[in-house]
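Got a sequence here, can you model it:
(chains A and B)
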There are 2 protein chains.
Amino acid sequence: MSERWPVVAIDIGGTKIAGGVVLPGGGVRLARQVPTEAWAGGESVLARAIALAQELRHAALTTPTAGLATQPAAVGIGAAGGVDPESGRIVFATSALPGWQGIALRDRMASALDLPTFADNDGNVMALGEAAHGAGRGYQHVVGLTVGTGVGGGIVLEGRVFHGAWGGAGRIGHLIVAAEGPRPCYCGGQGCLEAYASAPAMLEDFLATVGHGQAGQELGPDIARMDVRELARLAAAGHEAAAAVIDRGARYLGAGIATLLNLLNPAVVVLGGGVVQIGDVYLDAVRQAAAAHALPTVRETPILPAQLGTAANLVGAAVLAWQGLE
Amino acid sequence: MSERWPVVAIDIGGTKIAGGVVLPGGGVRLARQVPTEAWAGGESVLARAIALAQELRHAALTTPTAGLATQPAAVGIGAAGGVDPESGRIVFATSALPGWQGIALRDRMASALDLPTFADNDGNVMALGEAAHGAGRGYQHVVGLTVGTGVGGGIVLEGRVFHGAWGGAGRIGHLIVAAEGPRPCYCGGQGCLEAYASAPAMLEDFLATVGHGQAGQELGPDIARMDVRELARLAAAGHEAAAAVIDRGARYLGAGIATLLNLLNPAVVVLGGGVVQIGDVYLDAVRQAAAAHALPTVRETPILPAQLGTAANLVGAAVLAWQGLE
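Numbering: from 1, shown residues only, chains lettered A, B, ... in the order given. Just a heads-up that it's a prediction; the model follows:
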């Protein structure tokens, strides 16, 4: 991989646009972020992403430290939604970025910065970042997952993002883990992993279990504003319903991972995202469920916590650019 | 692909060992089969497969028709169970072939026939055969499934079997479609596609539904000996429980296919095996369920009936050999 030049990396999510300059070797410098302001529409989001990239290029040129003071060689972008790998255009928008569909993300960035630009889905670049410089470093085939507000991720085969026939591959949140399960997914389907294992799914389960009972009343009005960290604190303090809900989410995630193991036999699975921050209790339950469902040949595949945190997307976007420049 | 020489192809299943000489272009000649006699153990099965291959090589040399009367250039083998892609050894045995584990399938055949030999799992060679010369011809990425006594298949990426990190990839019968479903699978896991969509699963559902009720009594003592064709005949004749059971199996298969689409974005999915013989009612229900669960970008992926029938494994085993000879 020709990691010879710094790359301006941009990560476009539903609430914030993050950016940084990624150095050869995977170090991120000059990290910064701006709000996405998704409500203002796709053109506005694109303009904010371009402005951030221009600012970063300028900062890279004028920051004589840590190997910078260099013209970045390319822009790498990870973005929420479906990015066509051929055209770099947004082929579908998630609910997090309405109005994003149809934006010629790659080409508009390339002409605004006059730099070669490479763009992919944020789940794919997360997996690529962890595979190249994180917990999946050194392995041939890596599956990366992020479990947070949604369940995302990507498939990296022989060091590169696997896109399938027309860029639709790697939508790990939409493994069907409960074919006859009643829970609808925002995608229009039902039974998707995301609808059972994401943070909102766990919180919904918790509210459904205790919300109107005595246990719910003891928690007071804050229950509707809980996040998954508070749920984990309750579980750690001995709250049985909280522990049961976390365990259920972990078991669904483990079942989804077993599908990935039985189907793809990756050398390693890397888990990132806010839910994984719950810690070892959660991770152990995930591993146990995956092993219970997986075939003997793949049962002992390592399931490792991600190492790069939120920087994974920036690093992966840079790796995408380095691979594209080859 | 260097399809220049005939290949002796062998397909080792739990009840029969099939063989044939596959000509460049995919035509099968001199097809024949012998019972596996799996009860006699792995060494006996291997000996029978070797004898069949020797017989076929001799027949190829002495049959001056259709491009034969030629020394076959290699042996290609598809076999039930887990075949290590590096060593050609059986790394795990299915219940259909007990005692099969540990057999050095590829090397034993190669030395017995003094021909280059290539071996893979039967699901993988089925998918490869259909991808190269059947319903998947001309497509870059193909997933092949057989739905019968079990659910098998394989993943073909860019014309080659995808094995994953150590040969465990492509075990499509063990997608987890019902993470909390109660039904155990022979693999030791639960919620596997095979446990819900195979012929025995449908027949078990049917027996559970009508076996002890009035409808079951009307069917008489034959109910326990039914096969999926009879189930389909009943459904076609208006038997509601039979139709419901077939529909349920189709919906599970469709959910499993949606997972394959969302994860791998193949250009086409090819469906073979006895259950698919039920016909359009079944196939349409599978397609409908897959579309209901799949993401919009991959929802219209063609799901096609296999074209090669039981010859798919022989053709795929030959393609494996041609690829190996390159």
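
for the helix or strand A:Ala127 falls within, packing partners?
Assigned by DSSP states H and E, A:Ala127 belongs to helix A:122-133. With contacts defined as 3 or more Cβ pairs under 8 Å, 6 or more residues apart in numbering or on different chains; DSSP states H and E, the packing partners of helix A:122-133 are strand A:7-12, strand A:74-79, strand A:141-147, strand A:151-157, strand A:160-161, strand A:268-272, helix A:312-325. C-beta here means a position set from N, CA and C on the backbone, and glycine is covered the same way.

run the last query once more with 7 Å
The elements that helix A:122-133 packs onto, with contact taken as 3 or more Cβ pairs under 7 Å, 6 or more residues apart in numbering or on different chains; DSSP states H and E, are strand A:74-79, strand A:141-147, strand A:151-157, strand A:268-272, helix A:312-325.

could you give me the average pLDDT of that helix?
If you average the pLDDT over helix A:122-133, you get 98.

now swap in stretch A:251-264 and tell me
98.

quick one: contacts of that stretch?
A:141, A:143, A:147, A:155, A:175, A:177, A:193, A:196-197, A:266, A:269, A:285-290, A:293-295, A:298, A:301, A:303, B:164, B:169-172, B:174-176, B:179, B:191, B:259, B:263 (Cβ atoms under 7 Å, 6 or more residues apart in numbering or on different chains).

Using CSV, write out every CA atom in the helix holding A:Ala127.
Output in CSV follows, covering the C-alpha atoms of helix A:122-133 (Å, rounded to 0.1, in the frame of the first residue of the first chain):
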residue,chain,number,x,y,z
ASP,A,122,-18.8,5.0,6.6
GLY,A,123,-19.2,1.4,7.7
ASN,A,124,-16.8,0.3,4.9
VAL,A,125,-14.2,2.8,5.8
MET,A,126,-14.5,2.0,9.5
ALA,A,127,-13.8,-1.7,8.7
LEU,A,128,-10.9,-0.7,6.4
GLY,A,129,-9.4,1.6,9.0
GLU,A,130,-9.4,-1.1,11.7
ALA,A,131,-8.2,-3.7,9.2
ALA,A,132,-5.2,-1.6,8.1
HIS,A,133,-4.2,0.1,11.3
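
Show the low-confidence segments of the stretch 1-150 of chain A, by residue range.
A:1, A:64-69 (pLDDT under 70).

roughly how far is the helix holding A:Ala127 from the heart of the chain?
For helix A:122-133, the distance from its own C-alpha centre to the chain's C-alpha centre is 8 Å (Cα atoms, centre = their mean, to the nearest Å).

okay, the angle between it and strand A:268-272?
120 degrees (axes from the mean of the first three to the mean of the last three Cα atoms, to 10 degrees).

and the angle for helix A:122-133 with strand A:151-157?
Going by the same axes, to 10 degrees, helix A:122-133 makes 50 degrees with strand A:151-157.

Let's have the helices and strands packed on helix A:122-133 in TSV, adding mean neighbour count and distance to B:Ile12.
Listed next are the helices and strands packed on helix A:122-133 as TSV, based on neighbours: other Cβ atoms under 10 Å in any protein chain shown; distance: least, Cβ to Cβ, whole Å:
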stretch	mean neighbour count	distance to B:Ile12
strand A:74-79	29	46
strand A:141-147	30	28
strand A:151-157	27	29
strand A:268-272	26	32
helix A:312-325	27	41
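
which residues sit in contact with the residue in the stretch 101-250 of chain A that chain B sits nearest to?
Residue nearest to chain B within the stretch 101-250 of chain A: A:Gly164 (2.5 Å; Cβ to the nearest Cβ). With contact set as Cβ under 7 Å, 6+ apart, A:Gly164 has these partners: B:141, B:264-266.

Wait, A:Ile172 touches A:Thr146, no?
No: using Cβ atoms under 7 Å as the test, A:Ile172 is too far from A:Thr146 to be in contact (8.9 Å).

what touches both of those two?
In contact with both A:Ile172 and A:Thr146: A:123, A:152-153, using Cβ under 7 Å, 6+ apart.

which residue ranges form the helices in chain A?
A:42-62, A:105-113, A:122-133, A:194-197, A:199-210, A:214-219, A:228-236, A:240-264, A:280-293, A:312-325 (DSSP state H).

Of the ones you listed, flag the one that's most buried.
helix A:122-133 (a mean of 31; mean count of other Cβ atoms under 10 Å in any protein chain shown).

what does it rub up against?
Residues contacting helix A:122-133 (Cβ under 7 Å, 6+ apart): A:11, A:13, A:26, A:78-80, A:136, A:142-144, A:146, A:152-156, A:159, A:161, A:170, A:172, A:270, A:272, A:306-308, A:312-313, A:315-317, A:319-320.

Please list which of these are also close to chain B.
Among these, the ones lying near chain B by Cβ under 7 Å from any Cβ of the partner chain are A:170, A:172.

Show me what from the stretch 201-326 of chain A comes close to chain B.
Applying Cβ under 7 Å from any Cβ, we find that the stretch 201-326 of chain A lies next to chain B at A:251-252, A:255, A:258-259, A:262-267, A:292-298.

again, 10 Å this time
Within the stretch 201-326 of chain A, the residues that sit near chain B (Cβ under 10 Å from any Cβ of the partner chain) are A:248, A:251-268, A:289-299, A:301.

Surely A:Gly106 is in contact with A:Val91?
Actually, residue A:106 is Arg rather than Gly. No: in this structure, A:Arg106 is not within contact of A:Val91 by Cβ atoms under 10 Å, at 12.0 Å.

quick one: common contacting residues for these two?
Residues touching both A:Arg106 and A:Val91 by Cβ atoms under 10 Å, 6 or more residues apart in numbering or on different chains: A:83-85.

Without its sequence neighbours, what residue ends up closest to A:Asn143?
One correction, residue A:143 is Val, not Asn. Closest residue to A:Val143 apart from its sequence neighbours, by Cβ to Cβ, 6 or more residues apart in numbering or on different chains: A:Pro266 at 4.4 Å.

Could you list which residues are in contact with that neighbour?
A:127, A:131, A:136, A:139-144, A:155-157, A:257, A:260, A:298, A:301-302, B:164-165, B:168-169.

Surely A:Gly76 is in contact with A:Ile10?
Yes: using Cβ under 10 Å, A:Gly76 makes contact with A:Ile10 at a distance of 7.3 Å.

quick one: common contacting residues for the two?
Going by Cβ under 10 Å, 6+ apart, residues that sit against A:Gly76 and also against A:Ile10 are A:53, A:109, A:117, A:119, A:313-314, A:317.

my read: A:Leu175 touches A:Cys187, true?
No: the criterion here is Cβ under 10 Å, and A:Leu175 misses it with A:Cys187 at 11.7 Å.

I appreciate the help and will end here.
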